[in-house]
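Trainee: have a look at this prediction, sequence included:
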Amino acid sequence: MSKQLTIALVAHDNRKADMVEWAMHNAELLAKHKLVCTGTTGGLILNALKEKGIYADISCMNSGPMGGDAEIAALVVRKQINLAIFLIDDLNAQPHEADIQMLLRQCRVHNVPIACNRYSADLMITSTLWDNDDYVPAVPRYIKFQR
């Protein structure tokens, strides 16, 4: 992929190891893009990449419970995120559930692809559509009619 993307990476505590493993599996590809992460997740990914000798442009927001999910949602609204990978722990309650739902909602409303598991993340990050200049994602119809 030749186009540089801004990719949000978020993972709940019980999914952080999965996110780091996914990031390491895709390290060379991710290093070509700008990464925006919630605080703890970003720190873990940054350290793992450094150990592998790979430099990546990583910006860390606050941790999720401290507003990081909301900060990334704001970037989505401002059209500063191209792709979001959010490995969610669906088996445990999260104290900041409202922020989580807001991030997911803003991705849907603003037509930002969001992967919530590793398989969909792999499919999205390797899609040939990123470099296809003829492909323009359709804007959801309900957005066209709002002012």
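Mentor: All right, it came through fine. Numbers count the residues shown, from 1 in each chain.
Trainee: in space, what's closest to Ala70 - neighbours in sequence excluded?
Mentor: Nearest non-adjacent residue to Ala70, counting by CB to CB, 6 or more residues apart in numbering: Asp99, 4.8 Å away. (Glycine included, C-beta is placed from N, CA and C.)
Trainee: can you pull the pLDDT of Lys144?
Mentor: As predicted, Lys144 sits at a pLDDT of 63.
Trainee: how about stretch 106-123: buried residues?
Mentor: Judged by neighbour count (16 or more other CB atoms under 10 Å), stretch 106-123 contains these buried residues: 106-107, 110, 112-116, 118, 121.
Trainee: from one end of that stretch to the other, what's the distance?
Mentor: One end of stretch 106-123 sits 21 Å from the other (CA to CA, to the nearest Å).
Trainee: what's the average pLDDT for it?
Mentor: Average pLDDT, stretch 106-123: 96.
Trainee: residues in contact with that stretch?
Mentor: The contact list for stretch 106-123, computed with CB atoms under 8 Å, 6 or more residues apart in numbering, reads 18, 22, 26, 73, 76-77, 79, 81-88, 104, 124, 137, 139-140, 143.
Trainee: chain center to it: distance?
Mentor: With CA atoms, centre = their mean, to the nearest Å as the basis, stretch 106-123 stands 8 Å off its chain's centre.
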